[in-house]
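Participant: No sequence on hand, only this structure:
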C-alpha cells in the first residue's frame, strides 16, 4: 500500500499514514506493539471500497518519528486524536488491536466528537496485564533479534504466517524505537484505565480469536463487558493474537459485521 502513504505532522512529530478510500465513516486502524500501519493492509484491502481507511504508524514505529519520549499511552491517544483532526475526519470508527486497542479505549472514554464506535481486536484489557517483571523483561528481549521475534510469533500466532508476512513482522518489530518497545513493557501493559472505560458511550465490539494465548475471550469478557455497556463479542475460530495477519479475510468480515450495528 506504499502508494497511499504520506507524512502528517502533528504535536511536533512526523507520522507516516496509510490512507486509502474516501467513504464515511472512516476507519482508523491502530496497530499492536511491534506492528506498523501496514499490519492492516490485507484487512484494508477488503473494506476500503466501503470506508476511508487510515492506518498510522504509531510514534516510534515504521516510518513515523522515533522520538526520545512521548510513548505513554495517553500521549499516544493525543497523537491519534490530533491526526484525526488534521485529516479532517468528521465521522470515524476506531479499530485497535492489542496495544492499539488500549489506546482506542482511552480515546473512547474521552467521548470525542465524531467517534461513532469502537472495534477492539484482541485488545489489551483496561486493567494491568498480570505479568511479573521477569516476564515483561523477557518479552522486551524477544523484540531485539530475529530469533526472539520467531519465538514471539510462536506465542502470538495460531496459524503459520506466509514467509513474506513473517518477514514483515520481523522487520517491523526490529525497526521499532527501543524507547517505544520498552515503554509498553515498562508502563503501558501495567497502566490501569479501568476507572475511565465506563465512560465509553459508543457501540463497542470486541473481536478475539479462540486460540489467542495473549488476550483470551474469558479475560476480555470479564474486563471489558463488565465495564462498557452493551459490548458485543465476535469470536474467530482457530485464530491467535495476530488476526490481521493470520486471518485477514475473517477479520475483515467480522469488522464488517460489527460496523453493521453502528449508525
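Facilitator: Arrived safely. All values reported here derive from a predicted model rather than from experimental measurement. Residues are numbered from 1 along each chain as shown.

Participant: going forward, measure contacts between C-alpha atoms and count neighbours the same way
Facilitator: Fine.

Participant: that's a strand at residue 8, yeah?
Facilitator: Yes - judged by DSSP: H, G, I helix; E, B strand; the rest coil, residue 8 forms part of a strand.

Participant: quick one, strands of the chain?
Facilitator: Here the chain has its strands, by DSSP state E, at 5-10, 13-20, 26-30, 53-56, 92-97, 115-121, 204-209, 232-236.

Participant: Which one of those strands lies nearest to residue 77?
Facilitator: With C-alpha to C-alpha as the criterion, residue 77 lies closest to strand 26-30 of the strands of the chain, at 10.1 Å.

Participant: For the closest one, enumerate the helices and strands it packs against.
Facilitator: strand 53-56, strand 92-97, helix 99-109 (3 or more C-alpha pairs under 8 Å, 6 or more residues apart in numbering; DSSP states H and E).

Participant: if we can go back for a sec, could the strands of the chain go into JSON lines alongside mean neighbour count, mean pLDDT and distance to residue 86?
Facilitator: Output for those, formatted as JSON lines (neighbours: other C-alpha atoms under 10 Å; pLDDT from 0 to 100; distance: least, C-alpha to C-alpha, whole Å):
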{"stretch": "strand 5-10", "mean neighbour count": "16", "mean pLDDT": "96", "distance to residue 86": "7"}
{"stretch": "strand 13-20", "mean neighbour count": "22", "mean pLDDT": "97", "distance to residue 86": "11"}
{"stretch": "strand 26-30", "mean neighbour count": "28", "mean pLDDT": "98", "distance to residue 86": "13"}
{"stretch": "strand 53-56", "mean neighbour count": "28", "mean pLDDT": "98", "distance to residue 86": "12"}
{"stretch": "strand 92-97", "mean neighbour count": "26", "mean pLDDT": "98", "distance to residue 86": "13"}
{"stretch": "strand 115-121", "mean neighbour count": "26", "mean pLDDT": "98", "distance to residue 86": "15"}
{"stretch": "strand 204-209", "mean neighbour count": "26", "mean pLDDT": "98", "distance to residue 86": "25"}
{"stretch": "strand 232-236", "mean neighbour count": "18", "mean pLDDT": "97", "distance to residue 86": "31"}
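
Participant: Can you add distance to residue 193 and give those strands back as CSV?
Facilitator: Shown next, in CSV, are the strands of the chain (distance: least, C-alpha to C-alpha, whole Å):
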stretch, distance to residue 193
strand 5-10, 25
strand 13-20, 25
strand 26-30, 18
strand 53-56, 23
strand 92-97, 16
strand 115-121, 15
strand 204-209, 16
strand 232-236, 20
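
Participant: now for these, which one comes closest to residue 76?
Facilitator: Among those, strand 26-30 comes nearest to residue 76, with 10.4 Å by C-alpha to C-alpha.

Participant: Just give me how far stretch 125-134 sits from the chain centre.
Facilitator: Per C-alpha atoms, centre = their mean, to the nearest Å, the displacement of stretch 125-134 from the mean C-alpha position of its chain is 17 Å.

Participant: ok, now stretch 207-222?
Facilitator: That offset, for stretch 207-222, works out to 15 Å (C-alpha atoms, centre = their mean).

Participant: Could you list the buried residues of it?
Facilitator: For stretch 207-222, the neighbour count (16 or more other C-alpha atoms under 10 Å) marks 207-212, 214-217, 220-221 as buried.

Participant: which other residues reach it?
Facilitator: Contact with stretch 207-222 is made by 119-125, 155-158, 233-241, 243, 251, 254, as judged by C-alpha atoms under 8 Å, 6 or more residues apart in numbering.
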